[in-house]
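In: Build the 3D model from these lines:
(3 chains)
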Amino acid sequence: MAGLELRNVAKSYGPVKVIEGINLSIGDGEFVALVGPSGCGKSTILRMIAGLEDITGGQIAIGSEVVNDLTPKERNIAMVFQSYALYPHMNVYRNMAFNLELAGKPKAEIDRRVREAARMLELEPLLDRKPSQLSGGQRQRVAMGRAVVRDPSVFLFDEPLSNLDAKLRVQMRSEIKALHKKVGVTSVYVTHDQVEAMTLADRVVVLDRGVIQQAGSPMELYREPANTFVAGFIGSPAMNLFQATIRGNTAQMADGTTFAFEPDGGASDGTAVTVGVRPEHFQRQKTDTALTGTVSFVEPTGGLTFVTLDVAGVPVVVTTNGEDMIRTGDSLTVYVPSKNVYVFDSGGRRVSRN
Amino acid sequence: MTDTAEPIDAATANSGGRSLRFGTKAYLYASLLIVAAIIIIPLITTALGGFKTLGELRGNAFGLPSTWMWSNYGDILMSHRYWLQMGNSLLIAGLTVFLVLALSAMAAFVFAHVRFFGSQFLLNYFLIGLMFPAATAILPLFIRIRDLGLLDTYWGVVLPQVAFGLGMSILLFRNYFRGLPSELFDAAFVDGAGYFRFFWHIALPLSRPIIATVGIISFVGSWNSYILPLIMLNTESRYPWPLGIMVYRGEFSTDWQLILAFITLTITPTIVVFFAAQKHIIAGLTAGAVK
Amino acid sequence: MSQIAPALEAAPTAVLHTRRRRGVRGKWPIIVLFLPPALVLFTLFVILPMGEAAWYSFYNWNGYGLPTEWIGFKNYELIFKQSAFRNALINNGLIIVVSICVQIPLALWLATMVTKSIKGAVVFRLIFFLPYVLADVAAGMIWRFVYDGEFGLVANIYEFFGQNAPFWLADKNVAFSAVLGVIVWKYFGFHMMLFIAGLQAIDKSVLEAADIDGATGWQKFFKVTLPLLGSTVRLSVFFAVVGSLQLFDMIMPLTGGGPSNSTQTLVTFLYSFGVMRMQVGFGSAVGVVLFVICVTLAFSYKRIFMRND
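Out: Model prediction:
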């Protein structure tokens, strides 16, 4: 086992820069999720760590060893692919044993380790089956078994759950978490699903266009997004963002609504800013700032109901209790405490204290 | 088929992966160049040989000609026989392609879309044609053509060629027609179309890829074919070029420079068309194999 | 097998034909108009001649008038007594052996190289496929020149080393080996294209998984790629067999089956001994033998080796 260190890692295809100077230090046994929209470079980073992709700049180190020029097999990593990448012509047993066979391990040891991994992942009854005879969830577990069996220094997951249906995804999510708890191997997990990243990882790294936007614990990203991108990406439904102007210690929207917030320097009077409020931070009890609008859209989901308010032409999404009977056309006033008002400057950087 | 077509993150889909080591690259190019040389040298020396004198071929078959004998090529290009043979080949191949396309598309449409008693049996009947080459029945075929009075006519070559092409073409067309979305058929019927309109206005216009495939397979087959014309045609003025080349060689048996010029001129159209339409031709010729 | 070769999948699964369509008028007009042209032509020029071949094969007949001289299985006995026929059988077998042992490995090796991301890969593919689109007759003629012991490339090479050039095609011990060379030259490109299609159908991440599992290039090829190409290899062998049984056009300009029948194939044998001598009965019998071989091989191969594909 070992930590993982990315120092100024860059990737370009000819003149096109895909990844620009990534710095990231992952502790031994830590579970880190790389999350971002498709094309943000998260898979490329993972593949560079794996050695499936050339590194055009910077260094990657596993433990204390720089692995830039090592082949994938010399890096002692294991990877779970999006398409599982199981060998279609081998049964489950051989799929898991293949790496140990190639490494020339004695038969008895291979057998012991494969069976141990199979027991851990409840694959024992499936050992003789071919991948084509397995369900999606079972294939997923074999892919994990193949990674576990070899006792690697780093686990890499490339969107491993994106081919499963929603229910199975939730189940496999907790299995991956349990597995990590059991084996405690440093893990890097790539996904475009922020919920997956938040629930699984010790630390989440948000990427956009090949640049790290913010890295931190799930709650840090939620509570203190560094910029509008992270604010919009983390949380569901997404944070409401409005255009406003700074007036003293408040931000004022075009229609005159004024948001009280706690400034953190950098926003002087009269500058244009973006105000952000999470849908779940609106409340019905009177507090710092009030917003009144007409209900234009109601989406009940059961426990919670998402209501879209039309506030002077600006749509505002509000999360309300599912029990509240709210109908389209109703007039509704909601409140937000100033500690839950986010303000970002024209460059997208947060300038409020939350 | 279930787990090949998954979406892959955009970043990985077009990535080049790890670049190859210099040694690996050198080995690759060396091997490829050697094989390419073995392919190309016979072709190039043939073309160059056509510019030489016979005497020069004896000592300098590989190099450039010391004097370029343009007249070798010129005489052939000025001759009636070269153009006549090319024309014959074109005519025979054109007729073959047209008939194969028409007959197999119609029959395949019925097999794909019309349910009737015995359709499976009739389809299998056509597929028998896939199992043996025309050469197997060449003598009875000769007698049939003779008895029909078609000996020494273009039709004597075209009709058997078409008949032996039907099995594969019907299979390709039928599979393609059956792959068309079923909703199209439903929509057309709701709109009041019958089978004929559906065939003509919907199925055929959507079938361009398979028409191209079947067309290419039959054209190349006919353009290159030798044994059928050899047996069915007697008059030299009706010979397609593969027969013509053999006659030419018979006439100028040791004048290799002329034979080489003649070969070069006869295969030039093939090579030009191949490079101009390589994607379609390769797809066409291999599609027939893998389907 | 379902994962490896979408390109090789046969018929697209259809929903259309299974659905009963009610109220669609005019089913019979289209059957009556669309089916018979193909049916008549096919019956007249494929099925009937094959049946007639079986019938004529029991007669001694020169093709004029009606066959009257019934001689039973005499023609068949005669075939198997001919040493030229045995040569042809052996040669056809040799073509298959060379296809499997030389041509297919060569094609696969080249396919793995031209599917790598290197500059010019597409050009190499085109060049390698080029001989396949050339007419057999032209290829045969070109190689007759190459092999020519006086004016050809072989002659020039021998001369360069100060030796007297042999006439390979005129030497009955060497001629067929020379012919085999031309066959490989002409057809490997086609098999290479099959393998390219097969290789491209393999999920790239499976190979990456093998990388990570620590497989070397060779291990990756023999333990992952090759097993996944199984159906392509079987298809390739199938075409080699079928091609061998049809080989005629290329032999004629090269050797015409000589010297002393050493380069006969089944079809050139049929031509030289049936057609040239207008021995319709005998030639038909050869055709029947060829037919039986084709059908037996096609059926048994499909049944034994390709049943899962």
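In: okay, CA-based contacts and neighbour counts for the rest of this
Out: OK.
In: Compute the number of surrounding residues for the closest residue to A:G51 other than its chain neighbours.
Out: Closest residue to A:G51 apart from its sequence neighbours, by C-alpha to C-alpha, 6 or more residues apart in numbering or on different chains: A:P72 at 4.7 Å. Neighbours of A:P72 under the rule other C-alpha atoms under 10 Å in any protein chain shown: 25.
In: ditto for A:E116
Out: By the criterion of other C-alpha under 10 Å, A:E116 has 17 neighbours.
In: Okay, the closest residue to it other than its chain neighbours and chain B: tell me how far apart.
Out: Distances taken as C-alpha to C-alpha, 6+ apart put A:V149 closest to A:E116, at 8.0 Å, once the chain neighbours are dropped. Taking C-alpha to the nearest C-alpha, to the nearest Å as the measure, A:V149 falls 24 Å from chain B.
In: Could you verify my assumption that A:V149 touches A:R94?
Out: No - with contacts counted by C-alpha atoms under 8 Å, A:V149 stays clear of A:R94, the gap being 11.5 Å.
In: distance of A:E101 from A:R113?
Out: The span separating A:E101 from A:R113 equals 12 Å under the rule C-alpha to C-alpha, to the nearest Å.
In: Pick out whichever of these two has more residues nearby.
Out: A:R113 (19 against 16).
In: Now do the closest residue to chain C within the stretch 201-350 of chain A, the pLDDT please.
Out: As assessed by C-alpha to the nearest C-alpha, chain C sits closest to A:G210 within the stretch 201-350 of chain A, at 22.5 Å. A:G210 is assigned 90 on the pLDDT scale.
In: Could you pull up the residues touching it?
Out: Contacts for A:G210 were tallied using C-alpha atoms under 8 Å, 6 or more residues apart in numbering or on different chains; they are A:V18, A:I19, A:E20, A:C40, A:G41, A:K42.
In: Three-state assignment for the second one, please.
Out: Counting by DSSP: H, G, I helix; E, B strand; the rest coil, the backbone at A:I19 sits in strand.
In: Show me which residues of chain A are close to chain C?
Out: A:50, A:52, A:72-74, A:77-79, A:81, A:83, A:85-89, A:98-99, A:102-103, A:132 (C-alpha under 8 Å from any C-alpha of the partner chain).
In: quick one: A:N8 is in a helix?
Out: No - A:N8 is assigned strand when assessed by three-state DSSP, not a helix.
In: pretty sure it is touching A:I45, no?
Out: No - using C-alpha under 8 Å, A:N8 makes no contact with A:I45, being 11.7 Å away.
In: if you count what's nearby, which of the two comes out ahead?
Out: Per other C-alpha under 10 Å, whichever of A:N8 and A:I45 has more neighbours is A:I45, with 25 against 15.
In: For the strand or helix carrying that one, enumerate the helices and strands it packs against.
Out: Using DSSP states H and E, A:I45 sits in helix A:42-50. Judged by 3 or more C-alpha pairs under 8 Å, 6 or more residues apart in numbering or on different chains; DSSP states H and E, the packing partners of helix A:42-50 are strand A:154-158, strand A:186-191, helix B:10-13.
In: Of those, which shows the lowest average pLDDT?
Out: For the helices and strands packed on helix A:42-50, the bottom mean pLDDT is recorded on helix B:10-13, which sits at a mean of 34.
In: does chain C sit close to the helix or strand just after it?
Out: Under the assignment DSSP H and E, the closest C-terminal helix or strand after helix B:10-13 is helix B:22-49. Yes - Helix B:22-49 is in contact with chain C by C-alpha under 8 Å from any C-alpha, via B:L28, B:L32, B:A36, B:I39, B:I40, B:P42, B:L43, B:T46.
In: Can you give me the buried ones in helix B:22-49?
Out: B:28-29, B:32, B:35-36, B:39-40, B:42-43, B:45-49 (16 or more other C-alpha atoms under 10 Å in any protein chain shown).
In: One more: stretch B:272-281?
Out: Neighbour count says stretch B:272-281 has B:F274, B:Q278, B:I281 buried, by 16+ other C-alpha under 10 Å.
In: ok, now stretch C:237-248?
Out: Buried residues in stretch C:237-248, counting neighbours by 16+ other C-alpha under 10 Å, are found at C:V237, C:F238, C:F239, C:A240, C:V241, C:V242, C:G243, C:S244, C:L245, C:Q246, C:L247, C:F248.
In: and if you look at stretch C:72-83?
Out: In stretch C:72-83, counting by 16+ other C-alpha under 10 Å, buried: C:K74, C:N75, C:Y76, C:I79.
In: what sits up against it?
Out: C:S57, C:F58, C:Y59, C:N60, C:F85, C:R86, C:G281, C:F282, C:A285, C:V286.
In: Pull the distance from that stretch to the chain's centre.
Out: 26 Å (C-alpha atoms, centre = their mean, to the nearest Å).
In: Using PDB, write out every CA atom in it.
Out: Listed next in PDB are the C-alpha coordinates belonging to stretch C:72-83 (Å, rounded to 0.1, in the frame of the first residue of the first chain):
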ATOM      1  CA  GLY C  72     -22.600 -46.600 -65.200                       C
ATOM      2  CA  PHE C  73     -19.900 -45.500 -62.800                       C
ATOM      3  CA  LYS C  74     -17.200 -45.900 -65.400                       C
ATOM      4  CA  ASN C  75     -16.500 -42.200 -65.600                       C
ATOM      5  CA  TYR C  76     -16.000 -42.100 -61.800                       C
ATOM      6  CA  GLU C  77     -13.700 -45.000 -61.900                       C
ATOM      7  CA  LEU C  78     -11.700 -43.300 -64.600                       C
ATOM      8  CA  ILE C  79     -11.400 -40.100 -62.600                       C
ATOM      9  CA  PHE C  80      -9.900 -41.900 -59.600                       C
ATOM     10  CA  LYS C  81      -7.500 -43.800 -61.900                       C
ATOM     11  CA  GLN C  82      -6.000 -40.600 -63.300                       C
ATOM     12  CA  SER C  83      -2.800 -39.500 -61.700                       C
END
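In: For that stretch, give the mean pLDDT please.
Out: Rounded mean pLDDT across stretch C:72-83 is 89.
In: Domains in the chain, by residue range?
Out: Going with chain A. A:4-229, A:237-344 (automatic domain parsing).
In: nope, chain B
Out: With automatic domain parsing as the reference, chain B has domains B:18-74, B:81-290.
In: mind giving me JSON lines with these and columns for distance to A:T319 and mean pLDDT?
Out: Formatted as JSON lines, the domains of chain B follow (distance: least, C-alpha to C-alpha, whole Å; pLDDT from 0 to 100):
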{"stretch": "domain B:18-74", "distance to A:T319": "48", "mean pLDDT": "89"}
{"stretch": "domain B:81-290", "distance to A:T319": "42", "mean pLDDT": "90"}
